[in-house]
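My questions are about this predicted structure, shown below with the sequence.
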There are 2 protein chains.
Amino acid sequence: MSNRKIISKDIARSVAQACLCLHVQRAARALARHFDDVFRPLDLTSGQYSLLMSLNRTDSTGGAPTMGDTADFLAMDRTTLTAALKPLERRGLVRIAADENDRRIKRLALTPAGNAVLAKAYALWQEFHGAIEAEMKSPSADAMRSGLIRMVEKLERGNG
Amino acid sequence: MSNRKIISKDIARSVAQACLCLHVQRAARALARHFDDVFRPLDLTSGQYSLLMSLNRTDSTGGAPTMGDTADFLAMDRTTLTAALKPLERRGLVRIAADENDRRIKRLALTPAGNAVLAKAYALWQEFHGAIEAEMKSPSADAMRSGLIRMVEKLERGNG
DNA sequence: TCAATATACTTTGATATCAACCTATCCGTC
DNA sequence: GACGGATAGGTTGATATCAAAGTATATTGA
């Protein structure tokens, strides 16, 4: 008894109800599939949409977003971003250029083609994202979103 | 003006605040990294933990969980599950066997080794998951979780 | 019976994800 | 300038993710 080596079905049930990891991953997969479908006419995934949209930002100095900057914003490993940019650069949607003053830094920018695709994707996003929020009723979506944001802040602070 | 082809920084900012896709993916990545760290001593990822824990269930007929059954539970594509099981089966943590009556169906089960690893992982999970919930204050974690669950239900119902 | 359809799962190919390790550049100090 | 440490990214290898197309088994209907 004291040296319990087997997880009972009751424990498994309670973990399945409580585990944030499980529910966040489930939601991530279901949402990604949904928006992958939405953006399929543009040959864009939901992750690529978030990445392209994130390039309309400035870094802490007001310049174009950098690799590290963007990876932090997306709560993504820097090496994941390197890989994720490759198909977008290959398609000519994103331009990557070394900073003039610090050759270590790479600055990311949307090309005109990237901007055009993003504008079309934004129209789709508005339609389908609005539908989801409407179905969830706003307060519930808001509570979920603020919980997610707070959780990421706390998780990232630890590793920072 | 009417044929706007460029996403302004203002629009990008509002999308970044509102987009559930972005915030759920961010949270999924941050949480996965965190629990990957937690489970690293057991050479287990957070996703593998959820998968192993999900095998302590019964399908709709009361039998051992099947592939499709488990994929649905995790809101995961069936082909993803096929791939995810391979390292676990190779390590001898999971056993996969064709159903006696319907050879199409594969039934999944934890091996004794799988159960032992899962029991150790569960102890770690309790400790670190409790800490996250405590930091978030319970009502906020609860609101987030129920929002996520409701969202997945609605998303999966559509595709069914 | 047997042909058509449906169901359960697999394989392949592309992208996503991260850890571990590596390279290039900058900065401070001597 | 040269060394040492710090910073910014890249590469490799393993797993995760899904779509498209495929295989095997079961069911249904003529």
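Received the coordinates, thanks. Numbers count the residues shown, from 1 in each chain, chains lettered A, B, ... in the order given.

Does the residue nearest to residue A:97 when sequence neighbours are not counted lie in a helix or a strand, and which?
Leaving aside its sequence neighbours, residue A:97 sits nearest to residue A:107 (CB to CB, 6 or more residues apart in numbering or on different chains; 5.5 Å). All C-beta spots, glycine's among them, are computed from the backbone N, C-alpha and C. Assigned by DSSP states H and E, residue A:107 belongs to strand A:106-110.

Around DNA strand D, pick out the residues from chain A.
By CB under 7 Å from any atom of the strand, the residues of chain A that approach DNA strand D are A:25, A:29, A:32-33, A:36-37, A:66-69, A:78-79, A:81-83, A:96, A:102, A:104-106.

Looking at those, which are in strands?
A:96, A:106 (DSSP state E).

Could you pull up phi and psi at the closest residue to residue A:105 other than its chain neighbours?
Leaving aside its chain neighbours, residue A:105 sits nearest to residue A:99 (3.9 Å; criterion: CB to CB, 6+ apart). When read as degrees, to the nearest 10, the backbone of residue A:99 gives phi -60, psi 140.

can you give me the strands for chain A?
Taking DSSP E as the criterion, chain A carries its strands at A:94-98, A:106-110.

Could you check the angle the longest helix seen in chain A makes with strand A:94-98?
Counting by DSSP state H, the longest helix found in chain A is helix A:112-136. Helix A:112-136 runs at 120 degrees relative to strand A:94-98, counting by axes from the mean of the first three to the mean of the last three CA atoms, to 10 degrees.

Show me what stretch A:32-40 is in contact with.
Stretch A:32-40 is contacted by residues A:45-49, A:121, A:124-125, A:128, A:132, B:21, B:25, B:77, B:155, B:158-159 when judged by CB atoms under 8 Å, 6 or more residues apart in numbering or on different chains.

if you set the cut-off to 6 Å instead, what comes out?
A:45-46, A:49, A:121, A:124, A:128, B:21, B:155 (CB atoms under 6 Å, 6 or more residues apart in numbering or on different chains).

try stretch A:91-103
A:88-89, A:105-109, A:111, A:113-114, A:117.

ok, 10 Å please
If you take CB atoms under 10 Å, 6 or more residues apart in numbering or on different chains as the criterion, stretch A:91-103 is touched by A:43-44, A:48, A:51-52, A:55, A:63-64, A:66-67, A:82, A:84-89, A:104-118.

Buried ones from those, can you make that a ChimeraX selection?
In ChimeraX, a selection of the buried entries from the contacts of stretch A:91-103 looks like this (16 or more other CB atoms under 10 Å in any protein chain shown):
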select /A:44,48,51,52,55,64,66,67,84,85,88,105,106,107,108,110,114,115,116,117,118
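
Is stretch A:143-155 positioned near DNA strand C?
No. Stretch A:143-155 is not in contact with DNA strand C by CB under 7 Å from any atom of the strand; minimum separation 10.7 Å.

ok, is that stretch in contact with chain B or not?
Yes. If you take CB under 10 Å from any CB of the partner chain as the test, stretch A:143-155 does meet chain B, through A:143-155.

Quick one: residues contacting residue A:132.
A:31, A:34-35, A:141, B:20-21, B:151, B:154-155.

and which of the residues you listed is nearest to residue B:7?
residue B:21 (15.8 Å; CB to CB).

Quick check, that closest one in contact with residue A:29.
No. Residue B:21 is beyond contact range of residue A:29, at 11.5 Å (criterion: CB atoms under 10 Å).

Filter the residues of chain A next to DNA strand D down to the buried ones.
A:25, A:29, A:32-33, A:36, A:66-67, A:69, A:81, A:105-106.

Out of the residues you listed, give me the two with the largest separation.
Pairwise across these, and taking CB to CB, the largest span is found between A:33 and A:105, at 35.0 Å.

residue ranges of the helices in chain A, please?
For chain A, applying DSSP H gives helices covering A:9-18, A:20-39, A:46-54, A:67-73, A:78-90, A:112-136, A:138-159.

among these, which is nearest residue B:15?
helix A:46-54 (5.4 Å).

and the residue nearest to residue A:97, what does it touch?
A:55, A:59, A:63-67, A:69-70, A:95-100.

can you do 7 Å?
Residue A:107 makes contact with A:63-64, A:66, A:97, A:99, according to CB atoms under 7 Å, 6 or more residues apart in numbering or on different chains.

need these in TSV with pLDDT, can you?
Formatted as TSV, the contacts of residue A:107 follow (pLDDT from 0 to 100):
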residue	pLDDT
A:63	95
A:64	97
A:66	98
A:97	98
A:99	97
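
Nearest to DNA strand C, out of the residues you listed: which one, please.
Within the contacts of residue A:107, proximity to DNA strand C (CB to the nearest atom of the strand) peaks at residue A:99, which comes in at 7.7 Å.
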